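Asker: Coordinates for the following, if possible.
(2 chains)
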Protein chains: 2
Amino acid sequence: MSNEVVLLSAYVSMFGMRARIALDEKGIQYEYKEEDLSNKSSLLLQMNPIHKKIPVLIHNGKPICESLIIVEYIDEVWKDKSPLMPFDPYKRAQARFWADFIDKKVYDSGKRIWATKGEDQEGGKKEFIECLKLLEGELGDEPYFNGENFGFVDLALIPFYSWFPTFEKFGNFNIEKECPKFVAWANKCMHKDSVSKSLAEPNKVYEYVLKFKQQLGLP
Amino acid sequence: MSNEVVLLSAYVSMFGMRARIALDEKGIQYEYKEEDLSNKSSLLLQMNPIHKKIPVLIHNGKPICESLIIVEYIDEVWKDKSPLMPFDPYKRAQARFWADFIDKKVYDSGKRIWATKGEDQEGGKKEFIECLKLLEGELGDEPYFNGENFGFVDLALIPFYSWFPTFEKFGNFNIEKECPKFVAWANKCMHKDSVSKSLAEPNKVYEYVLKFKQQLGLP
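Answerer: I've put the predicted structure just below:
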């Protein structure tokens, strides 16, 4: 089988970072195409006509959309190297549960920190820290969420770490002080090449958010 | 392996219906426990402390939450009968994509039809019909979403059919007139025992929504 792999993504997107880490974990060669989200390419609109969002993985001409679905697809097609999903069905269900939790709760509360002010922002900070504490509890004393090896939940979660300084600047708080165990886990993940080379530089995330807020006219 | 299976659910929940159809497709004996959503049981709070939502599948004492995750779990554990997920990784990714689309777009637009009025409600109706038309396009000329056999996307989508009369009464529109092909697919699904015995009676859904709106003080 030929393997022509293209990734449409955007540098600062935590969802795009997930796909990049997964591709790198599996050692897959691919062409990376950066999308300008204020002027989306015709290829993106053609490959994801429903949501018109990145990331999109194009494998031998066929598109796969939505970051967690992309990661499961990569794990299923390139199954011989670095399995990301646990083998046990119950552990798989748990991994999917936490990844879904990250999409629903961590993303939303994080966004409220940089996109709102006042009460909304305070609520976002509170919920964000509560989420990280729940995740710390789930991690327990293991090195990674699935135990000894970096896996699906680690991969779904670690891209948020590149946004932490942005959350901290807008929210005027210190995440490590609140959740030291979480940050220790994140630093361990950062020692992996697949992670460190896929995550955006935090100052570039901050600059992007500043500019994006100006474009949207947010205070 | 012993198989003690309990389902915590609520009669009118489309998410709960998914779990019931999956259990029935696989021929799994289980204990059904109806939850009063205005007075949740301590078992539910203990089994789903994060979201405190139904459905929860309890398999040999261990909880699995979130309906699509429950269905994938059931499909993976009881894999010998009535496979729900396609075998091909690309088709699996597509099935997950459409199930996610149903959760995000069909559910939200449907809710706007019964929970709002005026412009919001009209927007909900328009988006709901657009969603069904997209799904009609995806179905194409096949009997089911994955081809010849009832599968994951059919199962994720068909519970909404029991809410159609409620949407129609609140939205004052006729879904079959707009999407005859969709309704033909739904009627075919209804011929399956697993579906017909798992779906709520439409008039009970309507009564529930009327009462629920009163409780919430919605107009």
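Asker: neighbouring contacts of stretch A:142-161?
Answerer: A:14-15, A:17-18, A:21-22, A:25, A:67-68, A:71-72, A:75, A:83-86, A:91, A:95-96, A:98-99, A:102-103, A:106-107, A:110, A:135, A:138-139, A:185-186, A:188-190, A:192, A:195, A:198-199 (Cβ atoms under 8 Å, 6 or more residues apart in numbering or on different chains). Backbone N, C-alpha and C define where each C-beta goes, glycine included.
Asker: Close to chain B: what parts of chain A are there?
Answerer: Neighbours of chain B within chain A, by Cβ under 8 Å from any Cβ of the partner chain: A:50, A:59, A:62, A:64-66, A:69-70, A:72-73, A:76-77, A:89-90, A:92-93, A:96-97, A:100-101, A:134.
Asker: how much space between the closest residue to residue A:136 other than its chain neighbours and residue A:154?
Answerer: For residue A:136, ignoring the flanking residues on the chain, the nearest one in space by Cβ to Cβ, 6 or more residues apart in numbering or on different chains is residue A:181 at 4.7 Å. Per Cβ to Cβ, to the nearest Å, residue A:181 is found 14 Å from residue A:154.
Asker: quick one: which of those two has more around it?
Answerer: The neighbour comparison of residue A:181 against residue A:154 (other Cβ atoms under 10 Å in any protein chain shown) goes to residue A:154, with 24 against 16.
Asker: Now a ChimeraX select for only the buried ones of the contacts of stretch A:142-161.
Answerer: A single ChimeraX command selects the buried members of those (16 or more other Cβ atoms under 10 Å in any protein chain shown):
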select /A:14,15,17,18,21,22,25,67,68,71,72,75,83,84,85,86,91,95,96,98,99,102,103,106,107,110,135,139,185,186,189,192,195,198,199
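Asker: now what about stretch A:122-130, what contacts it?
Answerer: The contact list for stretch A:122-130 (Cβ under 8 Å, 6+ apart) reads A:105-106, A:108-113, A:116, A:167, A:171, A:173, A:175, A:178-179.
Asker: In helices, which of those appear?
Answerer: Mapping the contacts of stretch A:122-130 onto helices (DSSP state H) picks out A:108-113, A:167, A:171, A:175, A:178.
Asker: Type out the PyMOL command that picks the buried ones from those.
Answerer: Filtering the ones in helices among the contacts of stretch A:122-130 down to the buried ones (16+ other Cβ under 10 Å) takes a single PyMOL command:
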select buried, chain A and resi 109+110+112+113+167+171+175+178
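Asker: can you give me the strands for chain A?
Answerer: Taking DSSP state E, the strands of chain A run over residues A:5-9, A:31-34, A:56-59, A:62-65.
Asker: can you list these in a markdown table and add mean pLDDT and mean neighbour count?
Answerer: As requested, the strands of chain A are exported to a markdown table (pLDDT from 0 to 100; neighbours: other Cβ atoms under 10 Å in any protein chain shown):
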| stretch | mean pLDDT | mean neighbour count |
| --- | --- | --- |
| strand A:5-9 | 98 | 21 |
| strand A:31-34 | 98 | 13 |
| strand A:56-59 | 98 | 24 |
| strand A:62-65 | 98 | 20 |
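Asker: on that earlier part again, quick check, nearest of the contacts of stretch A:122-130 to chain B?
Answerer: Proximity of those to chain B (Cβ to the nearest Cβ) peaks at residue A:105, which lies at 8.4 Å.
Asker: The spatially closest residue to that closest one that is not a sequence neighbour: neighbouring residues, count only.
Answerer: Distance criterion Cβ to Cβ, 6+ apart; nearest residue to residue A:105, sequence neighbours excluded, is residue A:131 at 5.0 Å. Close neighbours of residue A:131, defined as other Cβ under 10 Å, add up to 24.
Asker: Residue A:131 contacts residue A:108, correct?
Answerer: No. Using Cβ atoms under 8 Å, residue A:131 is not in contact with residue A:108, being 9.3 Å away.
Asker: ok, longest helix in chain A?
Answerer: Scanning chain A for the helix with the most residues, using DSSP H, yields helix A:118-139.
Asker: what bits of chain A have low per-residue confidence?
Answerer: Residue ranges of chain A with pLDDT under 70: A:1.
Asker: let's go with 90 and repeat that
Answerer: By pLDDT under 90, the low-scoring segments of chain A are A:1-3, A:146, A:216-219.
Asker: if we look at stretch A:195-208, which residues are touching it?
Answerer: So stretch A:195-208 is contacted by A:11-12, A:17, A:20-21, A:24, A:150, A:158-159, A:161-166, A:169, A:189-190 (Cβ under 8 Å, 6+ apart).
Asker: Filter those residues down to the ones in helices?
Answerer: Those of the contacts of stretch A:195-208 mapping onto helices are A:17, A:20-21, A:24, A:164-166, A:169, A:189-190, per DSSP H.
Asker: Closest one to residue B:38 out of those, please.
Answerer: Residue B:38 has its nearest neighbour among the ones in helices among the contacts of stretch A:195-208 in residue A:164, at 38.9 Å by Cβ to Cβ.
Asker: Not counting its neighbours along the chain, what's nearest the closest one?
Answerer: Leaving aside its chain neighbours, residue A:164 sits nearest to residue A:175 (5.4 Å; criterion: Cβ to Cβ, 6+ apart).
Asker: just checking, residue A:133 touches residue A:180?
Answerer: No. Between residue A:133 and residue A:180 there is no contact under Cβ under 8 Å: 11.0 Å.
Asker: Tell me which of the two has more neighbours.
Answerer: Of the pair residue A:133 and residue A:180, residue A:133 is the one with more neighbours under other Cβ under 10 Å, namely 14 against 11.
Asker: mind listing what the more buried one touches?
Answerer: A:178-179, A:182.
Asker: Does residue A:59 touch residue A:2 like I think?
Answerer: No. Between residue A:59 and residue A:2 there is no contact under Cβ under 8 Å: 10.0 Å.
Asker: so can I have TSV of the strands of chain A showing distance to residue B:218?
Answerer: Rendered in TSV, the data for the strands of chain A read as follows (distance: least, Cβ to Cβ, whole Å):
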stretch	distance to residue B:218
strand A:5-9	41
strand A:31-34	45
strand A:56-59	38
strand A:62-65	34
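Asker: Show me which of the contacts of stretch A:195-208 are buried.
Answerer: Neighbour-count burial (16+ other Cβ under 10 Å) applied to the contacts of stretch A:195-208 gives A:12, A:17, A:20-21, A:24, A:150, A:158-159, A:161-164, A:166, A:189.
Asker: what's the angle from the longest helix of chain A to helix A:164-171?
Answerer: Helix A:118-139 and helix A:164-171 meet at an angle of 150 degrees, taking axes from the mean of the first three to the mean of the last three Cα atoms, to 10 degrees as the criterion.
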